[in-house]
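[1] need the 3D shape of this:
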Amino acid sequence: MSPLIYFFLFIAGTSFGSFLNVLILRYDSVHDAILKNAMGRSRCPHCRKTLNWYELIPIFSFLIQRGKCRSCGVKLTIQYPLVEFLGGLIFILVFFKFYSIYDISLLPYLMMIIWSGVLFSLLVMSVIDFRERLIPDGVNIFIVISGLLLITAQYFYPASISSEVGGWSLLGNYALIFPGSTNLPWNHLSVALFGLVLFGGLFLLSRGRGIGLGDVKLAGAIGFFMGYPDAALALVSSFIIGALFSLVLIGLRLKTMKDFIPFGPFMALATVLIYLFGHELMRGYFDFFGLLNF
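    Numbering: from 1, shown residues only. Below you'll find the predicted structure:
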């Protein structure tokens, strides 16, 4: 594949990332509305000056301006180039993943759009959860709708279109060791229920201090979108990732045991890792214990 294609994908992704910054920064937490204030010219969040086009070039404008507003000189948040960079990275990774698995036809492009949309929504959710300590319902609804599209694609295009015997599962052939993994739509509904029960139980036990209600909804949405066994592995992995990350922060004395750490980004990161390396992680696990080798 020509590097030029990945370059253009990255540029397109950074443009989407720039729009995601607009959604994040204009998010109305009072009314839980993401798209409510999405329209209108971009302005400096400090002096409110309307920005020119050359101040809105993803990543480059931030670097050229040395992370400051050209008008008032106030330092801008690193969120701007970070979200734009991740937007470009998402486009590249989604294209590479589906290009390497499926024959290029209309269906893989549709799958790229669905997965890109979900990963973008998880990126928006992660930043908002970090900033506002809440997860927008609109993100969960979008992921559920994407799950419906995914189930429809799986129903009309069976696993035979995939080069992996495991079919649609991101775990590849290892999905075959999980009974019922290809039973539509119950494999999606069951793991959605699993996520709701697991996280709902933690929410009740911690009285909302350890797990928030938004986390419960997000677990159900991710479960419905990814299906069984992919989502089950992603949700369980999110606890491992969260625990390791928290220990690092505590070890560096950046956080204490009593500090709040949003859990939504850990679920998003676990979803991305399963999406990218689900098969490789399963193979590494079984190789370590000398078991199956697909």
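[2] only the buried residues of stretch 72-83, if you could.
    76, 80, 81, 82, 83 (16 or more other C-beta atoms under 10 Å). Every residue, glycine included, has its C-beta placed from N, CA and C.
[3] check stretch 252-270 too.
    255, 262, 263, 264, 265, 266, 267, 268, 269, 270.
[4] and stretch 172-190, by the same measure?
    Under 16+ other C-beta under 10 Å, the buried positions of stretch 172-190 are 172-176, 178, 181-182, 185, 187-190.
[5] turn these into a markdown table, including distance to residue 213 and secondary structure.
    Shown next, in a markdown table, are the buried residues of stretch 172-190 (distance: C-beta to C-beta, whole Å; DSSP: H, G, I helix; E, B strand; the rest coil):
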| residue | distance to residue 213 | secondary structure |
| --- | --- | --- |
| 172 | 34 | helix |
| 173 | 37 | helix |
| 174 | 33 | helix |
| 175 | 31 | helix |
| 176 | 36 | helix |
| 178 | 29 | coil |
| 181 | 29 | coil |
| 182 | 32 | coil |
| 185 | 25 | coil |
| 187 | 25 | helix |
| 188 | 22 | helix |
| 189 | 21 | helix |
| 190 | 22 | helix |
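[6] reformat those residues as JSON lines; add pLDDT and distance to residue 55.
    Listed next are the buried residues of stretch 172-190 as JSON lines, based on pLDDT from 0 to 100; distance: C-beta to C-beta, whole Å:
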{"residue": "172", "pLDDT": "78", "distance to residue 55": "45"}
{"residue": "173", "pLDDT": "79", "distance to residue 55": "50"}
{"residue": "174", "pLDDT": "81", "distance to residue 55": "48"}
{"residue": "175", "pLDDT": "80", "distance to residue 55": "48"}
{"residue": "176", "pLDDT": "78", "distance to residue 55": "53"}
{"residue": "178", "pLDDT": "81", "distance to residue 55": "51"}
{"residue": "181", "pLDDT": "65", "distance to residue 55": "49"}
{"residue": "182", "pLDDT": "68", "distance to residue 55": "51"}
{"residue": "185", "pLDDT": "84", "distance to residue 55": "47"}
{"residue": "187", "pLDDT": "87", "distance to residue 55": "48"}
{"residue": "188", "pLDDT": "91", "distance to residue 55": "44"}
{"residue": "189", "pLDDT": "93", "distance to residue 55": "47"}
{"residue": "190", "pLDDT": "92", "distance to residue 55": "49"}
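[7] give me the distance between the helix or strand containing residue 204 and the centre of its chain.
    Assigned by DSSP states H and E, residue 204 belongs to helix 186-206. In terms of C-alpha atoms, centre = their mean, to the nearest Å, the centre of helix 186-206 is set 19 Å apart from its chain centre.
[8] quick revisit: ok, which pair from the buried residues of stretch 72-83 is furthest apart?
    76 and 83 (12.3 Å; C-beta to C-beta).
[9] ok, so of the buried residues of stretch 252-270, who is nearest residue 13?
    For the buried residues of stretch 252-270, the residue nearest residue 13 by C-beta to C-beta is residue 268; the value is 16.5 Å.
[10] give me the element that closest one is part of.
    helix 264-288.
[11] how about that helix: buried residues?
    264-275, 278-279, 281-283.
[12] next: stretch 35-46.
    Quick answer for stretch 35-46 (16+ other C-beta under 10 Å): 42, 44.
[13] using CSV, write down the CA coordinates of that stretch.
    C-alpha atoms of stretch 35-46 as CSV (Å, rounded to 0.1, in the frame of the first residue of the first chain):
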residue,chain,number,x,y,z
LEU,A,35,-24.4,18.7,18.8
LYS,A,36,-26.3,21.6,20.3
ASN,A,37,-23.6,24.2,19.8
ALA,A,38,-21.6,22.6,17.0
MET,A,39,-22.4,25.2,14.5
GLY,A,40,-20.7,28.6,14.2
ARG,A,41,-17.3,30.1,13.7
SER,A,42,-14.4,29.0,15.9
ARG,A,43,-13.2,31.5,18.5
CYS,A,44,-10.4,31.7,21.0
PRO,A,45,-11.7,30.4,24.3
HIS,A,46,-10.1,33.3,26.2
